[in-house]
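*Asks:* Provided below are the primary sequence and the corresponding predicted coordinates.
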Amino acid sequence: MVNDVTEQNKSLTWTERKRLALEHIKDMRKESVYVKTADVLHNLTDQIEDIKKDGLDTFKRFNAPKEAQLERYQNLLKEIEKRNDDNPLLPQLRSAVEEFKRLVA
């Protein structure tokens, strides 16, 4: 499962790595999608806390602007929902994506 949710080629650009990871969700086993959801939720909630603490300066530490990150989180949510809409972490993920959107808008 760890290999299923790990980016395979870190030498690619941020955009390309994230595109490939998003496309890979459709091929993951259900259990791996749960792990992916937990990982996305953890990363997103950490980023939300950083934004609350440091404001939009938080994005100076990342390889992608806030708009690209928001789009990525929205796309991840859509793909995870497609795989299994009964995922118990989906309500939290939806809420976190909405909060992130409010904070970066």
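*Replies:* Cool, the structure landed.
*Asks:* Give me the helices and strands touching the longest helix belonging to the chain, please.
*Replies:* Looking across the chain with DSSP state H, the single longest helix is helix 30-54. Packing contacts for helix 30-54, counted by 3 or more CB pairs under 8 Å, 6 or more residues apart in numbering; DSSP states H and E, involve helix 2-5, helix 66-83, helix 90-104. C-beta here means a position set from N, CA and C on the backbone, and glycine is covered the same way.
*Asks:* I'd like the next helix or strand past the helix or strand of the chain with the lowest mean pLDDT.
*Replies:* Counting by mean pLDDT, DSSP states H and E, the chain has its least confident helix or strand at helix 2-5, which shows a mean of 83. Counting by DSSP states H and E, the element after helix 2-5 in chain order, helix or strand, is helix 14-24.
*Asks:* Give me the buried positions along that next one.
*Replies:* Neighbour-count burial for helix 14-24 flags 17-18, 21, 24 (criterion: 16 or more other CB atoms under 10 Å).
*Asks:* Residue 44: which of those is nearest?
*Replies:* residue 18 (13.4 Å; CB to CB).
*Asks:* Can I get stretch 70-77 in CSV? Just the C-alpha atoms.
*Replies:* Output in CSV follows, covering the C-alpha atoms of stretch 70-77 (Å, rounded to 0.1, in the frame of the first residue of the first chain):
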residue,chain,number,x,y,z
LEU,A,70,-6.2,24.5,-4.3
GLU,A,71,-6.9,23.0,-7.8
ARG,A,72,-4.9,19.9,-6.8
TYR,A,73,-6.8,19.4,-3.6
GLN,A,74,-10.1,19.8,-5.4
ASN,A,75,-9.1,17.3,-8.1
LEU,A,76,-7.9,14.9,-5.4
LEU,A,77,-11.2,15.1,-3.7
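*Asks:* Let me see the mean pLDDT of it.
*Replies:* Mean pLDDT, stretch 70-77: 97.
*Asks:* Enumerate every residue touching residue 8.
*Replies:* residue 20 (CB atoms under 8 Å, 6 or more residues apart in numbering).
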